[in-house]
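Quick one, what's the 3D model for this:
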Amino acid sequence: MTNHLYYGDNLAVLRESIADESVDLVYLDPPFNSNASYNVLFRGPQGNESAAQIEAFDDTWHWTDAAEEAFGEVLRSGNGAAAEMLRAMRSFLGENDMMAYLTMMAVRLLELHRVLKPTGSLYLHCDPTASHYLKILLDAIFGARNFRTEIVWKRTSAHNDARRNYADLSDIIYFYTVSDKYSFSPQYRPYDEAYAEKNFRFTDPDGRRYSSADLRSPSPRPNLTYDYKGFKPHPNGWTVSRERMEQLDADNRLIFPSKPDGRIRVKKYLDEMPGQGVGNIWDDIGPLSSQAQERLGYPTQKPVALLERIVAASSNPGDVVLDPFCGCGTTVHAAEKLGRNWIGIDVTHLAIGLIEKRLRDAFPKVQFTTHGVPQDIAGARDLARRGREDKNYYFEFEKWALSLIAAQPGNLGKKGADRGIDGNIYFGKTQRAIVSVKAGDNIGVGMIRDLRGVIERENAEIGIFLTLTEPKKTMVTEAAAAGQFQMEGFEPVPRIQIVTIEEALALRDRAVRLPARRDDAFKRAAREEDSGAQGRFDL
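Okay, here's the model as predicted:
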């Protein structure tokens, strides 16, 4: 197994590319339309939400022929409990948006159950909107006996705007396993200062804090009943052998009583304790602040620490971790950091491009295979050719091309009139670069003039002409005639820049010359220390 990133509908990818019982851990954070910001990758310059990812799930939020087909697939799945539960839900809810969403989730949860090993685990992250329905579906698919716990993650601090309800501060994470033979490693959090002060009251001359614990055996142990340096044990005996007692004494870990009839105790140092065991209420991992180093600019980005805890608890080094709604890639980041193999799936080119960039920034030696998107100029030309034959593919080419340079779709990822704006890159505080994408063979100087007119109409600072075909000399001359843009503190850059797809494939966002990208849009991920986890290319 290896590291794989898939572009496409996760249902199709699971069925076509992921083998039965091949995955150790699944984490998923599926979006739902009742909260449009849930799992959205980025915001626009005014803080408004982009529809680029929301639009990709639009059909799943309405009862359509596709929802009816998915409903039928669940009924025919062979999982009688899931079929009956979904049928009961439809009888109760009717054919509405919630039912369409639950049907979409049910058919995918069945596939996730299939790909998990008998020792595997699943964590489903959701908000209260549909959590109760999802819990019922999970009980049906995994079996109620395999429900392990409901984790409450306090994702934010108190809100002052709650007037007629309690402030919404938490998310729910359901933890299920395939069977009772699952992998689990207890997790620990540091002791808080009040606990440490109360329970580790003593201090060695070197400043190490410790508590005093007895050495009494909990049950009679005749073989551990002996005198040590004139001090007698409890009638049950000691908890350690004489050899171990002598080693503790040599290490200055024994506390000898002041009275002859007292009993020896042992020091337990605070810095050697694992910490406080983590329960099912997680209030020690806060949301990412606007100043957090790991924050990349995605408003619903989850902290890596949250996914590290899940990955560390329910998988081992070398295991396979799968995220079928991988969004900005936090799960695969945590898996790579902890030495796991991983599989990520997302239905937007934007997400795939940003995850590729994030991984390469954080792990310079990372190796992974991306499926479903062009990997070279030949693949790009093939996608463009299909776009000339089918308009749907053209928009796929456009969104893929924009992802290469980390540009946001200019028309919010939707089809329709774009007014000459295929994409945007925001930089500085309020500055903007407009991107025009061309997939055709027939490009000319008029297109450069058109782009110049668009940036003047929009009061933008820079125009990017992103082209599959090499530009003509007249186009290069026309672009140069537009002059340069200079921002205080930075070197001037061309106002109109022509970037070929081949250059974008090689250089990614470095193919575009900008004074400074916005702080809240697609920041470079901080480089992680070498974890020693290197992926492979072969499945």
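
Partner strands of the lengthiest strand in the chain, with direction?
If you go by DSSP state E, the chain has its longest strand at strand 116-126. In the sheet, strand 116-126 lines up against strand 23-28 (parallel), strand 170-177 (antiparallel) (DSSP bridges).

Give me the contacts around it.
With contacts defined as CB atoms under 8 Å, 6 or more residues apart in numbering, strand 116-126 is touched by 21-30, 32, 112-113, 134, 138, 142, 148, 151, 153, 171-179, 181-184, 302, 310, 314-315. Every C-beta, even on glycine, is put in place using the N, C-alpha and C of the backbone.

and stretch 63-73, which residues are buried?
For stretch 63-73, the neighbour count (16 or more other CB atoms under 10 Å) marks 63, 67, 70, 71 as buried.

tell me the two of those residues that are most distant?
63 and 70 (10.4 Å; CB to CB).

how many neighbours does the closest residue in space to residue 229 that isn't next to it in sequence have?
Nearest residue to residue 229, sequence neighbours excluded (CB to CB, 6 or more residues apart in numbering): residue 256, at 7.3 Å. Per other CB atoms under 10 Å, the neighbour tally for residue 256 reads 13.

what's residue 256 sitting at in phi/psi?
Main-chain torsions, residue 256, degrees, to the nearest 10: phi -90, psi 140.

Tell me where the stretch 301-450 of the chain has helices.
In the stretch 301-450 of the chain, the helices defined using DSSP state H, counting those that start in this stretch lie at 304-314, 330-337, 349-362, 377-389, 391-404, 445-457.

which one of those helices has the most crowded surroundings?
Most buried of these by mean neighbour count (mean count of other CB atoms under 10 Å) is helix 330-337; its value is a mean of 27.

which helices and strands does that helix pack with?
helix 304-314, strand 320-323, strand 341-346, helix 349-362 (3 or more CB pairs under 8 Å, 6 or more residues apart in numbering; DSSP states H and E).

in the sheet, who's paired with residue 203?
Beta bridges link residue 203 to residue 209 when assigned by DSSP bridges.

Identify each buried residue in stretch 483-500, please.
Buried positions in stretch 483-500, judged by neighbour count with 16+ other CB under 10 Å: 485, 487, 493, 494, 495, 496, 497, 498, 499, 500.

quick one on the thing from earlier: save the helices and strands packed on helix 330-337 as TSV, and put in distance to residue 4 too.
Below are those laid out as TSV (distance: least, CB to CB, whole Å):
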stretch	distance to residue 4
helix 304-314	17
strand 320-323	9
strand 341-346	5
helix 349-362	12
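
mind giving me CSV with those and columns for mean pLDDT and distance to residue 104?
Converted to CSV, those look like this (pLDDT from 0 to 100; distance: least, CB to CB, whole Å):
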stretch, mean pLDDT, distance to residue 104
helix 304-314, 96, 23
strand 320-323, 98, 17
strand 341-346, 96, 14
helix 349-362, 87, 18
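
nearest to residue 129, of those?
helix 304-314 (19.7 Å).

Could you name the helices and strands sitting against that closest one?
Other helices and strands packing on helix 304-314, by 3+ CB pairs under 8 Å, 6+ apart, are strand 23-28, strand 116-126, helix 330-337.

what sits up against the shortest one?
When contacts are defined by CB under 8 Å, 6+ apart, strand 23-28 is touched by residues 112, 115-117, 119-125, 183, 307, 310-311, 314-316, 319-325, 331, 340, 343.

Repeat that for stretch 254-268.
Stretch 254-268 has contacts (CB under 8 Å, 6+ apart) with 200, 202, 204, 210-216, 228-234, 245, 248, 253.

Go through the helices and strands packed on helix 330-337 and name the closest to residue 420.
helix 349-362 (20.2 Å).

In ChimeraX, how would I select the buried members of the contacts of stretch 254-268?
Those of those that count as buried under 16+ other CB under 10 Å are selected in ChimeraX with:
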select :200,210,211,215,228,233,234,245,248,253
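
so how far is the first residue of stretch 302-321 from its last?
Taking CA to CA, to the nearest Å, stretch 302-321 runs 17 Å from one end to the other.

all strands of the stretch 51-200 of the chain, in order?
With DSSP state E, counting those that start in this stretch as the criterion, the stretch 51-200 of the chain has strands at 116-126, 147-154, 170-177, 188-189.

Revised request: answer the last question for the stretch 401-539 of the chain.
Secondary structure of the stretch 401-539 of the chain (DSSP E, counting those that start in this stretch): strands located at 408-409, 423-427, 431-438, 462-467, 484-485, 493-494, 496-500.

I'd like these as TSV, with distance to residue 282 and mean pLDDT appended.
Formatted as TSV, these follow (distance: least, CB to CB, whole Å; pLDDT from 0 to 100):
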stretch	distance to residue 282	mean pLDDT
strand 408-409	32	84
strand 423-427	34	91
strand 431-438	39	94
strand 462-467	42	96
strand 484-485	47	96
strand 493-494	45	96
strand 496-500	44	97
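
Output those as CSV; include the columns distance to residue 11.
CSV is the format used below for those (distance: least, CB to CB, whole Å):
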stretch, distance to residue 11
strand 408-409, 23
strand 423-427, 28
strand 431-438, 29
strand 462-467, 31
strand 484-485, 45
strand 493-494, 43
strand 496-500, 35
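
how about the residue lying closest to residue 224 once chain neighbours are set aside, what does it touch?
Closest residue in space to residue 224, ignoring its immediate chain neighbours: residue 237 at 3.9 Å, by CB to CB, 6+ apart. By CB under 8 Å, 6+ apart, the contact set of residue 237 is 217, 220, 221, 222, 223, 224, 225, 226.
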